[in-house]
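Peer 1: this one's structure only:
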């Protein structure tokens, strides 16, 4: 695949993708505030979520990584890149953050460009299951990787993240106010009004038994990265040696990613990550430093209500 030619052929598009937070978009993109009632934020746009659902066609062995924000999205994306790509293709994909985001433009020409890439791609998305054309992915023999995390740590991580990136009118600096919204409805959080992370999780979790869908647990990935990365590699149909798996484990450790975020300015992804402290802690149980006993018990009741009748338990402690 000649990536230099691809960049040259789509020069205007690539120039726009260099500044995803400041580049202008067409008026119709700005005007569309929700898709199926789902609010979004930052570079994730309802207009492009709708366009991708209706028009984007994944190829066989393409991979879609779906998560709720702060469930290990960029960590798993790094793992996918290390498993799937040669050095040349990895550098190409890491050069521009928005290129791998399903519901981010900056124009519909991006989807035309993606169709020019003949080798398997991975894209990532925060969309709820109803906003992804799952039937199309299954029909075309593409694959979906879904990563989930315990809701208490998700709440803490999202709280710190939104203080960095949310516009003032949407930012919440008060933890007590924030955690109440998180358990009821958090604006611009990829959910419909009245829904929460748990609804987002359950809608994707119901697809876990499909042979083209792999559900990964953030905490299990942290506790035994070698085992879970091997599971992901096997799901992708890749024949990786133990040495190759161990290399990926080392390259995608939080310490390694944190170091690249802080010290490597050669790729746009690391520059953006550093500016918003995207790789923050990535630990299990940080919620204990934030939740009061009453808040923790309230979340436990909500989880019990939402998962009633399921043989399922979140992992809240290492």
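Peer 2: Yes, it's here. Source: prediction; values computed, not measured.
Peer 1: pull up the distance across stretch 188-198, start to finish.
Peer 2: 15 Å (C-alpha to C-alpha, to the nearest Å).
Peer 1: buried stuff in it?
Peer 2: 188, 189, 190, 191, 195, 196, 197, 198 (16 or more other C-beta atoms under 10 Å). Bear in mind the C-beta positions are built from the backbone N, C-alpha and C, glycine included.
Peer 1: which two of those residues have the greatest separation?
Peer 2: Pairwise distances across the buried residues of stretch 188-198 peak at 17.4 Å for 188 and 198 (criterion: C-beta to C-beta).
Peer 1: follow-up on the earlier one: closest one of the buried residues of stretch 188-198 to residue 167?
Peer 2: Nearest to residue 167 among these, with distances taken as C-beta to C-beta, is residue 188, at 9.3 Å.
Peer 1: and the host helix or strand of residue 53, what does it pack against?
Peer 2: In the assignment (DSSP states H and E), residue 53 maps to helix 46-55. In this structure, helix 46-55 makes packing contacts with helix 27-31, strand 34-35, strand 38-39, helix 109-114, judged by 3 or more C-beta pairs under 8 Å, 6 or more residues apart in numbering; DSSP states H and E.
Peer 1: select, out of those, the one closest to residue 127.
Peer 2: Per C-beta to C-beta, nearest to residue 127 of those: strand 38-39, 7.2 Å.
Peer 1: what segments of the stretch 1-150 of the chain are helices?
Peer 2: Assigned by DSSP state H, counting those that start in this stretch, the stretch 1-150 of the chain shows helices spanning 3-9, 11-17, 27-31, 46-55, 73-84, 87-94, 109-114, 134-139.
Peer 1: wait, which of these is closest to residue 202?
Peer 2: The nearest among the helices of the stretch 1-150 of the chain, by C-beta to C-beta, is helix 134-139 at 14.8 Å.
Peer 1: and stretch 135-142, what's buried?
Peer 2: For stretch 135-142, by 16+ other C-beta under 10 Å, it's 137, 138, 142.
Peer 1: how is residue 216 assigned, secondary-structure-wise?
Peer 2: The three-state label given to residue 216 by DSSP: H, G, I helix; E, B strand; the rest coil is strand.
Peer 1: and it, how far from residue 180?
Peer 2: For residue 216, the distance to residue 180 equals 29 Å [C-beta to C-beta, to the nearest Å].
Peer 1: next: residue 186.
Peer 2: 10 Å.
Peer 1: show the average pLDDT along stretch 216-227.
Peer 2: Averaging the model's pLDDT scores along stretch 216-227 yields 96.
Peer 1: straight-line length of that stretch, end to end?
Peer 2: Per C-alpha to C-alpha, the first residue of stretch 216-227 is 11 Å away from its last.
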